[in-house]
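*Asks:* Kindly generate the corresponding structure for this input.
(2 chains)
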Amino acid sequence: MTDVASLLPVLAVAVPALAVPPILASGARPNLREGWTLLAALGTFGVVAVMVRSPATHVTGLGSIAGLDLALRADAAGLLFALLASTLWIATSVYSVGYVRGLEESGQTRYFAAFAASIAATMGVALAADLLTLFVFYELLTLATYPLVAHAGDDAARRSGRRYLAYTLGGGVLAFGGILLVQVLAGALAFVPGGVGALAAADPTLGRVAFGLLVAGFGVKAAVVPLHAWLPAAMVAPTPVSGLLHAVAVVKSGAFAVARSVLYVFGPETAADLGVALPLAVAAGFTMVVAGLIGLRQDNLKRGLAYSTISQLSYIVLGVALLTPLAAFGALLHVVAHAFMKITLFFAAGLVYVETGEKYVSEMAGIGRRLPATMTAFAVAAAGLVGFPLVAGFVSKFHLLLGAAASPTPVFVVAFLVAGLLKLLYFWPVVYVAFFGHRDGSAPAVRHPFVPTHDGHGGAGPGGGTTEVPATADGGTVDGALAPSGRRVEAAPALLGPVLFTAGMAVVLGVVPAELPFWALAETAVAEVFG
Amino acid sequence: MTPIPTPTDALLAVPPWAAFLLAAAVALVAPRRVGYLVGVAATALTVPWVLFAPAGTALVVSPLGFEQTLLRVDGLTRPVAAVFGLVAALGVAYAYATDADARTNAYALAYMGVSVAAVLAGDWLTLLVAWELMAVTATVLVWHHGGAAVRPAFRYAVYHLVGGALLLAAVVLHVQATGGFGYDGGFAPGLPTALAVLGVGVNLGFVGLHYWVPDTYPRPHVAASVVLAGFTTKVAVYALARVVPDGHALVAWMGGAMVLYAVWMAILQTDARRLLSYHIVSQVGYMVAAVGIGTAAGTAGAVAHLSTHVLYKGLLFMVAGALLYRTGTGSLKRLGGLGRRMPLTFAAFLVAALAISGVPGFSGFVSKGLVIEAVDSAAPDLLWWALVLGGVGTVLSFAKFGYYAFLRPAPEPLSVRPAPRALTAVLLVAAVPSVLFGVAPGVLYGALPGDVGGFEPYATSELTKAAAVTAAGLVGFAALRGPLGRVPDVDVDRLLHPAAFGLGRGGAALVAGTGRRLGAALADATALGAAAARGRADETRFGLGTTLAVVAAALAVALLLGRLG
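*Replies:* Below is the predicted model:
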């Protein structure tokens, strides 16, 4: 893979960024404004696709600050993340249109502009060639996403936004400390597959401090416990924001940056020698289980999804920390698999909110009859998160398990399996309450066994149904809003299309994962790092 | 010279379970009748397919990055897959006859298809994938019935995810130890085998892990019960034979425990389908014991008993389903006098009951005899006694079933719907194999792996044993009928389920509460909370300032240490 000087990497960052002014300018004409967004999304995808297909590695120099070079380099791992983000931006843009219009949200122009800016920053994080460039775009991502988190404008949104800033900027400071230390120790910040050689020769104590600062700093966005608290709070944001940014761009930036630090700055051998990978693995394993447990109690569906994201991100961090090729491959695949599955879940949750106004699990009885395609996509994505085959999550999880078994600490296999069980305990009742529950409480299955109902709302009516309830539901007007003609009305196409697309992709990634470019990109990255 | 491929080689190009899955898709979209017709045809075709396909492996693919063998036909997979095809066709026909809807048909076909895929798998990864898919499809099949079936199906899903996770851990450790997913040679010894036996044990119904069987099987549509009864536990028996091909003493003893415990629980039941569900666990215990002793005769006995059991247990569930379908109740407390009003159903019941009880002339006698003989020659007497006592208990409990449902007068008047012709036809057809294998055991024995060691099922000693067991069971029923009615029906779920549920709920509450308290303490300690309470925006500044100070201090300390070190 030869390096080739090219404009494509900076173009991938510039196209979304250049979309911001036109979006702001066409605020009065929503269709034109949405057109700019979609054009930019397709353009970004195109640029990334060209780089993926090209046999060379594209590099753009971006000048230098204080003698330190900034550059973008589209290597395999970076392209994997960039391709993922650009693909999902297209789906999210379509979905956003349906969502904000369906809810008649205010500030739509600011929303779409901030979205484009966030994607530009994400592309920068993905394609950064060194720690400094990554850091610059990482902080720009925080700033660009703040208006989206605080979009609702009320007190809760502003509080969550401030908390988000406090955590992520604080994390940024820690990471910057780590970057400075790496520069002092190694004299270079560029990513090298397998690690920067000079770090192996540096002082071990300082090396450990640098590792700790980097990982703690980036670990905020990667939502490693105890740095995770911003994520559930950020769920006040509109659902497409939660979906793309907090299931894909922001949190994956954190996990991606951790992966870069472990595999491309320190490298597997140095990390093993310094003994820093095991504490990181323990923290990730702990996060997986703890987040899964806390998530069991979430009545607000989006918060439940947030805790599930925290748990699943640690699959990636743990995979990286295990320092085996199979585990790293599984981690990179999981970046992709989780993104598609989680965004499906968020899209579905948002769709439910738009179409029925429901956001609490305890009030979603019978939703599956009202929105069958949506909840089926939800069920499929949830099954993938648990780790059932034929959906993407099984493939990445299986590789992670094999990688854990091959590592010096196979006990982490248990962490993955327990986390999967906790997902089942949360999601399966959501699915069966949606499909088989009845709002009038006539069936005993209407309550989630683990979720306490949120304050102010009692549970469903008295339980204790009869023993032989007929199989077909009555589907009467009590359960869901039927159209006057009596037929069930599924969701608006702009909302449903993206849900089905991402769910379908999750299945494709589960059945023939090697057919999609992500597989080859992950293989190349792992081969580069582990030699 | 390359050998000219024979026509039968073409059979290895497409697995029969593809037909099941295709039929399931058809059932989802086509009218009900078409779906059922296609379903019966697709499933029935499995039988000749499997019997004529040449031995070997085929369909080597690597979709997940590992070499997998989707198809393996050998002495062990052939008879199991064949009997699965037969019982699947019977199950689909029964579903049609009892007014099950098109969705039930589709879910049942999907479930049966992945079960056949599990048996025909040629490596652990393919088996694992099929295993997990079996759990999902069975959950959906039970869920579909709605109402009181929904929660039990969730519990089923939890049990099977735990079992699947154990098996997954075992496979992963096995691959690490041996480098491949291949079957031959069983599992890597030690932890991988232990985990695999436990994981398979959930699906088998090991005592303590078994409650999902009586919890779930009686709940859904009667046809779904028939379908469920035939597959999961039998796939697990097959998998057990692969995990421990040379057997294991603990496994054999667990089999004995299953036989006794489950037959005891069955005797106490008053719901027909729950009684039959416990009997599944009991009869699977015979198979587990036979696999556990590890001899060739044991494996042959396990497969024989698996085959006959699938057929007569399916017939029993069909009978129980027919009772429910035509009278509206499945409770032995309310049924009665149906011997005269439902004579053909009674006849079918008799065939199945005599088969499961091991009465000469019926299939169960032939297969159970093989198992007990294999155990006799290779295991301690205690295990043999356990199996024989289990037989007595079986006779007792079916005497109970037969008496209450068919012989004694009903306590209250029962209305009996007329039998649909299709239902009667299916019952009679399903009864045939249980008689056929009984009177012509060679047909069964010829299809088994290994040899039966010259076992003569109709030797005088065997007939005497059977007579003694049957007599003891009948006498036992007559004597204990009254007292048994007063023993409470209490199983492990009374302890296990609340404990598990409490653990989950309590664990989550504990963790969430601790997190909240820690967060509050931290906020108080850094006065962040005070700032937030004032509602000012200096939270950000404060946080940044603190972090900067901390980082600067840490860097300074580290550099100092570096200088000193």
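
*Asks:* residues in contact with B:L436?
*Replies:* For B:L436, the contacting residues are B:363, B:443, by Cβ atoms under 8 Å, 6 or more residues apart in numbering or on different chains. Using the backbone N, CA and C atoms, a C-beta is placed for each residue, glycine as well.

*Asks:* So it, which state does it fall into?
*Replies:* helix (DSSP: H, G, I helix; E, B strand; the rest coil).

*Asks:* do you know how far it is from A:V507?
*Replies:* 44 Å (Cβ to Cβ, to the nearest Å).

*Asks:* ditto for A:H58
*Replies:* Using Cβ to Cβ, A:H58 is found at 32 Å from A:V507.

*Asks:* more neighbours, these two?
*Replies:* A:H58 (24 against 18; other Cβ atoms under 10 Å in any protein chain shown).

*Asks:* next one: phi and psi at that one?
*Replies:* phi -90, psi 140 (degrees, to the nearest 10).

*Asks:* and it, bridged to which residues?
*Replies:* A:V4 (DSSP bridges).

*Asks:* That one touches A:D75, doesn't it?
*Replies:* No. Using Cβ atoms under 8 Å, A:H58 is not in contact with A:D75; the gap is 9.3 Å.

*Asks:* What strand or helix carries B:A257?
*Replies:* Using DSSP states H and E, the element containing B:A257 is helix B:249-267.

*Asks:* nope, A:L333 is what I was after
*Replies:* Short version: A:L333 belongs to helix A:325-356, going by DSSP H and E.

*Asks:* and that helix, average pLDDT?
*Replies:* For helix A:325-356, mean pLDDT is 94.

*Asks:* Give me the next element, helix or strand, following that helix.
*Replies:* helix A:367-370.

*Asks:* what's the spacing between that following helix and its chain's center?
*Replies:* 27 Å (Cα atoms, centre = their mean, to the nearest Å).

*Asks:* Show me which positions of stretch B:444-464 end up buried.
*Replies:* Under the neighbour-count criterion of 16 or more other Cβ atoms under 10 Å in any protein chain shown, stretch B:444-464 has B:444-445, B:447-449, B:452, B:455, B:457, B:462 buried.

*Asks:* Show me which of those is closest to chain A.
*Replies:* Nearest to chain A among the buried residues of stretch B:444-464: B:P449, at 28.3 Å, using Cβ to the nearest Cβ.

*Asks:* B:S225: what's it in contact with?
*Replies:* B:217-219, B:273, B:317, B:320-321.

*Asks:* The nearest residue in space to B:L109 that is not next to it in sequence: which element?
*Replies:* Excluding its sequence neighbours, the residue lying closest to B:L109 (Cβ to Cβ, 6 or more residues apart in numbering or on different chains) is B:A24, at 3.8 Å. Taking DSSP H and E as the criterion, B:A24 maps to helix B:16-29.

*Asks:* ditto for A:S64
*Replies:* Using DSSP H and E, the element containing A:S64 is strand A:57-65.

*Asks:* re earlier: confirm for me that the residue nearest to B:L109 is in contact with B:A106.
*Replies:* Yes. Between B:A24 and B:A106 there is a contact at 4.7 Å, judged by Cβ under 8 Å.
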